[in-house]
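Peer 1: Mind looking at a prediction? Sequence and model below.
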Amino acid sequence: MSVHTPLARYSDSGVHHRIDWIATGLDEVRAVLGDADRFSVNPPADSAEEARRLAQNGNPLQNDPPEHTRMRKMLTPQFTVRRMRRMEPVIEEIVTEQLDVLEHAGPPADLMRHLAWPVPGQVACALFGLPRDDLPHLACTMLLARGRDRSRKSVLAAEHAFTGYLDRFVAHKRQNPVGDDMISALIREHGQDITDADLVGLIDATLAAGLENMAGMLGLGTLVLLEHPDQSALLRKRPELMGQAVEELLRYVAVVPMANFRTALVDVPIAGHVIKAREIVGCSLLAANRAAKPDDPRDVFDVTRENITHVAFGHGIHFCVGAALARMELRIAFAKLLDRFPALRLAVPREELRFRNLKLPIYGIEELPLTW
């Protein structure tokens, strides 16, 4: 497939045998993701009924309207910029604590182990009201349940343990909805209109994004900054650019290479082709964010880039509801990291770094040894 083809037939049956099309152009990706009337976000299946049955309760990324609309109306007030700002001092404290741990562990020290994984995990605990002491076990169980073990028996056991933990946590919150956390607030404000299954699905989906996606961004984003020392130096000199730099990192890195698959509900003409009803489209966020534009070298990392357009958080009604929190988390973490370690650099040759396979749902780096 030519890199200049924004929408093409997908023929690599050995990887994603259900995909019929792949969209790589920014306009084409936005057209598919933004069209909730003609494309379904339900998991791919042989029929529309089966797809709806497979959709996880409470997961906004797997449900179409009206179920998506119901959940979104309850969630949106919990993720306003104003409310997320209440999380800012919490995130500041978490990042500072983990930078202390990183500094004590090295140099050299692994950024993934001491910062990239713990920070989003602890932020998620604060957001949902999960006990922080449960995080190490919970994170390991969740990641194992997502298929990181070769034994199917182990994966199924981990899935059962993970959902069992969430069931017990939600049941406890239902009886004791106290505190400023999101789950307590949703129960207090919506009562039986939001079910325990909704809450379990919501936490499950959001924890995955809060842990894997954010850890990937913190790891790969740090690597990008180290590989562009002129840009890092500029950020140290002009810290007011950090918000803009985070948008550029989100565009440039794209830890979610592919958006959730979309299934056409009717025949849809796009980019000179017709996507037939029931055909499945994969939207490459990585390619769309790097799609060339006139006089805009999008393969270049530039923290001074203005009017940054990207689809790292998706597009349309399924745009990430937690985008404001993610941006704040990244801005605080990168700013504090650069400020704490002005001589930060890789502790091993780049060719020794181990990256995740791009064919996996979430891209990232396994370890990032740093010195200073």
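Peer 2: Yes, it's here.
Peer 1: tell me the phi and psi of the nearest residue to Leu353 once chain neighbours are set aside?
Peer 2: Nearest residue to Leu353, sequence neighbours excluded (CB to CB, 6 or more residues apart in numbering): Ile365, at 6.1 Å. For glycine as for every other residue, the C-beta is placed from the backbone atoms N, C-alpha and C. Per-residue torsions, Ile365: phi -120, psi 140 (degrees, to the nearest 10).
Peer 1: how close does Ile365 sit to Val101?
Peer 2: According to CB to CB, to the nearest Å, Ile365 and Val101 sit 19 Å apart.
Peer 1: Show residues contacting the helix or strand of the chain with the lowest mean pLDDT.
Peer 2: Every helix and strand of the chain was ranked by mean pLDDT, DSSP states H and E. The lowest is helix 135-143, at a mean of 74. Identification of contacts with helix 135-143 by CB atoms under 8 Å, 6 or more residues apart in numbering yields 117-118, 121-122, 125, 130, 158, 161-162, 165, 207-208, 211-212.
Peer 1: Now with 7 Å, please.
Peer 2: Applying CB atoms under 7 Å, 6 or more residues apart in numbering, the contact partners of helix 135-143 are Gly121, Gln122, Cys125, Ala158, Ala161, Phe162, Tyr165, Leu207, Leu211.
Peer 1: can you check stretch 229-246 too?
Peer 2: Stretch 229-246 has contacts (CB under 7 Å, 6+ apart) with Leu225, Phe301, Val303, Thr304, Arg327, Leu330, Arg331, Phe334, Ala335, Leu338, Pro342.
Peer 1: swap the cut-off to 6 Å and go again
Peer 2: Leu225, Val303, Arg327, Leu330, Arg331, Ala335, Leu338 (CB atoms under 6 Å, 6 or more residues apart in numbering).
Peer 1: Could you pick out the longest helix of the chain?
Peer 2: Secondary structure of the chain per DSSP state H: the longest helix is helix 152-175.
Peer 1: the strands in this protein, which residues?
Peer 2: Remark: strands assigned in the chain by DSSP state E are 7-9, 21-23, 39-40, 109-110, 262-264, 268-270, 273-275, 280-283, 345-346, 369-371.
Peer 1: any idea which of those is most buried?
Peer 2: Highest mean neighbour count among those (mean count of other CB atoms under 10 Å): strand 21-23, with a mean of 25.
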